[in-house]
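Peer 1: coordinates only, sequence not included:
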C-alpha cells in the first residue's frame, strides 16, 4: 500500500469536496472500510491543500466557506509546520475542526485551538483570527453533543471572516439556474499504510 497524509476521502481527486455532514459521513463510511489508519500524524499538508481551495473564493461574487474536518487518533508530529499552515490559512474562508479519538496525548491540540490567545508561528507571525476548534471525542457523551461541540465556533468564524472582508450575503440563487450553493465543504484525511 501507499502512505499518504493528504488524499481526497471520496477518492476523487478531480472533485474532492463533499457537501455537508451527509456527504462527509458517506465519504468517511466508504473510506473507513478501505483505508487503514497509520502514523505519523501530520496535519500541515492537508491544511495547505484546503487553503489552496479556500484561496479561490475570496471575493464578494465568489463566496464559499470551507470547513476542514480532521479526525485523528494520534498526537500531532509536525507541530511547527502545522502552526505555520494554520497562521497562513487564518486569512482565508476556512475553519478547521479537529476531533481527537482514542487516548493519545492531545495537549498540543489545545495550542492549535487558539482559545488561550493568539496563535503565533515560529517566526512570530500571528493568526488573523482563530480558525481551529479541537474536540476530544471521548468527552462527548453522545452524537448530539459531538455535533454541537465540533460546530460551536464555526458560525462565529464564518461571520468574522465575512465581516473582516466587508462581504454581505449574495442574493439567493434560483435553483433552476444553478445547483444549490453550499455553505461548507468538509474534507477528512486518513493515512494509509505502506
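Peer 2: Thanks, I have the structure now. Not measured: the values here are computed from a predicted model.

Peer 1: what about the most centrally placed residue in the chain, which SS state?
Peer 2: Central residue of the chain (Cα atoms, centre = their mean): residue 68, 1.6 Å from the mean position. Under DSSP: H, G, I helix; E, B strand; the rest coil, the three-state class of residue 68 is strand.

Peer 1: which residue ranges form the strands in the chain?
Peer 2: 18-19, 66-72, 94-100, 132-136, 185-187 (DSSP state E).

Peer 1: could those strands be laid out in JSON lines, adding distance to residue 162 and mean pLDDT?
Peer 2: Every C-beta, even on glycine, is put in place using the N, C-alpha and C of the backbone. Shown next, in JSON lines, are the strands of the chain (distance: least, Cβ to Cβ, whole Å; pLDDT from 0 to 100):
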{"stretch": "strand 18-19", "distance to residue 162": "20", "mean pLDDT": "82"}
{"stretch": "strand 66-72", "distance to residue 162": "13", "mean pLDDT": "87"}
{"stretch": "strand 94-100", "distance to residue 162": "12", "mean pLDDT": "91"}
{"stretch": "strand 132-136", "distance to residue 162": "18", "mean pLDDT": "91"}
{"stretch": "strand 185-187", "distance to residue 162": "16", "mean pLDDT": "42"}
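
Peer 1: Out of the ones you listed, which is closest to residue 7?
Peer 2: strand 185-187 (10.0 Å; Cβ to Cβ).

Peer 1: Okay, now the unreliable bits of this protein?
Peer 2: 1, 175-194 (pLDDT under 70).

Peer 1: mind redoing it with 50?
Peer 2: 178-194 (pLDDT under 50).

Peer 1: Now do the helices in the chain.
Peer 2: Taking DSSP state H to define them, one finds helices in the chain at 20-32, 44-54, 79-89, 107-113, 143-151, 154-165.
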